[in-house]
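**Q** here's my sequence, what's the structure:
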Amino acid sequence: RHKGIQLGDIDLSKHLKAEQGQIEELLIDKGFILLGTVGKGSTAKIYKAIDTRGKWNKVTIRIEIRKDDGKRIDAPGKALKFKKDLKGWHKNLVNIYDAGSIWIERNGKDIELRYHVLEFVEGRSVEDLIKDRYFEKIGLNETLKIMLQIIDVFNFLVKNRKTHKDFRYGAILITNDNKV
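**A** Residues are numbered from 1 along each chain as shown. Got it, this is the predicted structure:
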């Protein structure tokens with residue numbers, strides 16, 4: 001457990017922007033260097049990073065945004081258990097490499113920020129592609145190929161009796177060669 005960073009009265013939902021250098025320090029201790037922000041949702045901020053431990057090169061790190069309300073968010077190991085419970089792995093699902101916690105101190109309380117280390121995917125979200133009218137540009141056949149890949153992933157999850165809690169256009173990534 002790593003403690004010792006005082007965030008004072010800063011709202012934890014804003015801490016990653018205001019205190020990014022301090023969060024980076026904690027992640028460096030774990031072997032990561034943050035390269036920049038990839039995105040932000042209501043429960044997490046997503047970073048592109050390098051794993052200096054040599055296990056994976058570029059990675060994505062999802063750090064939860066936790067308010068000091070006493071409510072627990074999914075345990076860090078839950079994503080790894082999800083992966084372990086599946087019968088095989090699907091080629092269109094992002095690999096889950098690691099999960100853990102970093103600890104900060106705020107107002108005399110220990111606050112746990114959970115993180116997940118995921119495969120880094122170079123590409124854009126379906127949401128961004130829709131805004132850019134990308135699917136009109138590539139035509140019906142290529143669009144259908146992408147849609148079939150998405151359907152195939154959800155078919156795999158249903159067969160494994162798993163749900164995806166964050167299904168939205170912004171959470172589906174498409175690579176430059178149209179792989180989901």
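**Q** which stretches of this protein aren't confidently modelled?
**A** Across the chain, the ranges flagged by pLDDT under 70 are 1-22, 42, 55-56, 65-88, 104-107, 164-166.
**Q** one more time with 80, if that's ok
**A** 1-26, 39-44, 54-56, 65-89, 103-113, 162-167 (pLDDT under 80).
**Q** where do the strands of it begin and end?
**A** 32-40, 44-51, 58-64, 96-106, 109-119, 123-125, 173-175 (DSSP state E).
**Q** can you check which helix is longest in this protein?
**A** helix 134-159 (DSSP state H).
**Q** report the buried residues of it.
**A** 134, 135, 143, 146, 149, 153, 156, 157 (16 or more other CB atoms under 10 Å). C-betas here are computed from N, CA, C, even on glycine.
**Q** coming back round to it: need the strands of the chain in JSON lines with distance to residue 161, can you?
**A** Compiled in JSON lines, those are given as follows (distance: least, CB to CB, whole Å):
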{"stretch": "strand 32-40", "distance to residue 161": "28"}
{"stretch": "strand 44-51", "distance to residue 161": "25"}
{"stretch": "strand 58-64", "distance to residue 161": "24"}
{"stretch": "strand 96-106", "distance to residue 161": "18"}
{"stretch": "strand 109-119", "distance to residue 161": "21"}
{"stretch": "strand 123-125", "distance to residue 161": "27"}
{"stretch": "strand 173-175", "distance to residue 161": "24"}
